[in-house]
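Q: fold the stuff below for me.
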Amino acid sequence: MKSPIYFDNAATTAIAPEVVQAMLPFLNEHYGNPSSVYSLGRDTRAAIETARKTIAQILNAQTSEIVFTSCGTEANNMAIKGAVIYHQVKRIITSPIEHHCVIHIADYLKEFHQVKIEYVQLLSDGMVDLEHLESLLKDNQDKTLVSLMYANNEIGNLLDFEKVSQLCKTHQALFHSDTVQAFGHFPIDVQKVEVDFLSASAHKFHGPKGIGFLYQKKKSKVASFLHGGGQERGYRAGTENVYGIVGLGKAAELAYQHLEKDRQYIQSIKDYFKEQLLANFKDIQFNGHSKNSLFTVLNVSFPENDAASMLLFNLDIEGICASGGSACNSGASTGSHVIDAIRPNSNRINIRFSFSKYNHLSEVDVVIQVLKKYFS
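A: As a prediction, this is how the structure comes out:
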């Protein structure tokens, strides 16, 4: 069977072979519970702390500020709910194009904790309107959390991370950022750009699924909302996912060792794909900012026609993996809330293609030829 062309790396990435090799000993001989006092347990405890140190060094953070979670969604929940419960946040400012885990947390806190939710306006290209954000921060005395993602998972827009950090600091607001699409792709230094909470997930940068982490600034820490044992230094109860944590640490190490090389290579694939689309098809548009965008993501807007309405299905038949939006929303009957926010009432067909270091320019040529069947 022919291998698929995998252009859905924003949904998940292939695990790097080096990561698999790093994990295998902890699936076999190193199986001790890290809370045990004997050597078999101490070995796994040491592996967890080595991974924690790796993440902390990448972020220029303290190891005590890193909490391992099951995924980015859990990390976002822990930060946002924790800010309300433990820091008396009464108002959350977010955007209509955040990941659903953030939007749904906000809805929950509004209904059950009477938290005021305000949405910052977007510019026509989907960028956050920073002037409106500043006016919202000036306009209220309630304890506020700003939750804005670093890189949008559907259209790739990048937040002005430093500017938002400065605004939050000026107006004494807590700042949380979902960096699930950014960590592993961009350098982040929490000493240079202050952020109270930051979340990431290993499977977005060639690590295993089911493991992520939350960075929580020392002065902004929240308590666990999982109650049980004292794992993760009391910040998350439950036996640790040792092999997942080891895989996360190794994947992060590899990502930051080859950051610029991988960025240039992946950007070349995105640029070539964009050029070929414009050269071969009429009325092609792109969703999101043209330049200030994640190099792994290209969201393409195709004109409506009878064949295009089944485009994702037809691409799948041809062995091409792409998506219409967030993988976490697959199976839903509604379209992308991100596209609806920036292109309301549009009948165009929007497909997200996303790339990794394991893709090749030749795969772009194959996809272009397949698309020609539906847009001649």
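Q: show residues contacting stretch 153-160.
A: Under the criterion Cβ atoms under 8 Å, 6 or more residues apart in numbering, residues 10, 97, 99, 125-128, 130, 148-152, 177, 180-182, 287-289, 292-294, 296-299, 325-326, 336, 338-339, 342, 352 lie in contact with stretch 153-160. Yep, even glycine has a C-beta here, placed from its N, CA and C like the rest.
Q: no, scratch that, I was asking about stretch 120-133
A: For stretch 120-133, the external contacting residues (Cβ under 8 Å, 6+ apart) are 93-97, 136, 146, 148, 152, 155, 157, 159-160, 163-164, 167, 287-290, 292, 338, 341-342.
Q: what about burial for the contacts of stretch 153-160, which qualify?
A: 10, 97, 99, 125-128, 130, 148-152, 177, 180-182, 287-289, 293-294, 296-299, 325-326, 336, 338-339, 342, 352 (16 or more other Cβ atoms under 10 Å).
Q: among the contacts of stretch 120-133, which ones are in helices?
A: Taking DSSP state H as the definition of helices, the contacts of stretch 120-133 contribute 136, 163-164, 167, 338, 341-342.
Q: most neighbours of all those residues, which one?
A: residue 338 (29 neighbours; other Cβ atoms under 10 Å).
Q: so how far is residue 192 from that one?
A: 29 Å (Cβ to Cβ, to the nearest Å).
Q: for residue 186, same thing?
A: For residue 186, the distance to residue 192 (Cβ to Cβ) stands at 13 Å.
Q: what about the two, which has more around it?
A: residue 186 (17 against 10).
Q: show the contacting residues for that one.
A: In this structure, residue 186 makes contact with 150-151, 259, judged by Cβ under 8 Å, 6+ apart.
Q: so which of the residues you listed is the closest to residue 224?
A: Nearest to residue 224, judged by Cβ to Cβ, of the contacts of residue 186 is residue 150 at 24.7 Å.
Q: what's the closest non-adjacent residue to the closest one?
A: Setting aside the residues directly before and after it, residue 150 is nearest to residue 182 in space (Cβ to Cβ, 6 or more residues apart in numbering), at 3.9 Å.
Q: pLDDT wise, what is the one you found at?
A: According to the prediction, residue 182 has pLDDT 98.
Q: next: residue 333.
A: As predicted, residue 333 sits at a pLDDT of 42.
Q: and the residue nearest to residue 150, its phi and psi?
A: phi -100, psi -40 (degrees, to the nearest 10).
Q: wait, it touches residue 293, no?
A: No - if you go by Cβ atoms under 8 Å, residue 182 and residue 293 don't touch, sitting 11.7 Å apart.
Q: for this structure, which segments count as helices?
A: 17-23, 39-59, 72-87, 100-113, 130-138, 161-170, 242-257, 259-280, 311-317, 337-342, 361-372.
Q: now render the ones you listed as TSV, adding mean pLDDT.
A: Formatted as TSV, these follow (pLDDT from 0 to 100):
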stretch	mean pLDDT
helix 17-23	98
helix 39-59	96
helix 72-87	97
helix 100-113	97
helix 130-138	97
helix 161-170	97
helix 242-257	98
helix 259-280	98
helix 311-317	93
helix 337-342	94
helix 361-372	97
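Q: including distance to residue 29, could these go into TSV?
A: As requested, the helices of the chain are exported to TSV (distance: least, Cβ to Cβ, whole Å):
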stretch	distance to residue 29
helix 17-23	12
helix 39-59	9
helix 72-87	29
helix 100-113	36
helix 130-138	51
helix 161-170	42
helix 242-257	12
helix 259-280	32
helix 311-317	40
helix 337-342	45
helix 361-372	38
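Q: nearest to residue 228, out of these?
A: Of all the helices of the chain, helix 72-87 comes closest under Cβ to Cβ, at 14.7 Å.
Q: mind listing residues that contact that closest one?
A: Outside helix 72-87, the residues that reach it (Cβ under 8 Å, 6+ apart) are 67, 69, 89, 92, 99, 101-102, 105-106, 109, 113, 115, 143, 145, 147, 174, 176, 178, 180, 196-197, 199-201, 204, 212-214, 216, 220-225, 236, 328.
Q: just the buried residues of that helix, please?
A: Quick answer for helix 72-87 (16+ other Cβ under 10 Å): 72-84, 87.
Q: kindly report the same for stretch 368-376.
A: Within stretch 368-376, judged by 16+ other Cβ under 10 Å, the buried ones are 368, 370-371, 374-375.
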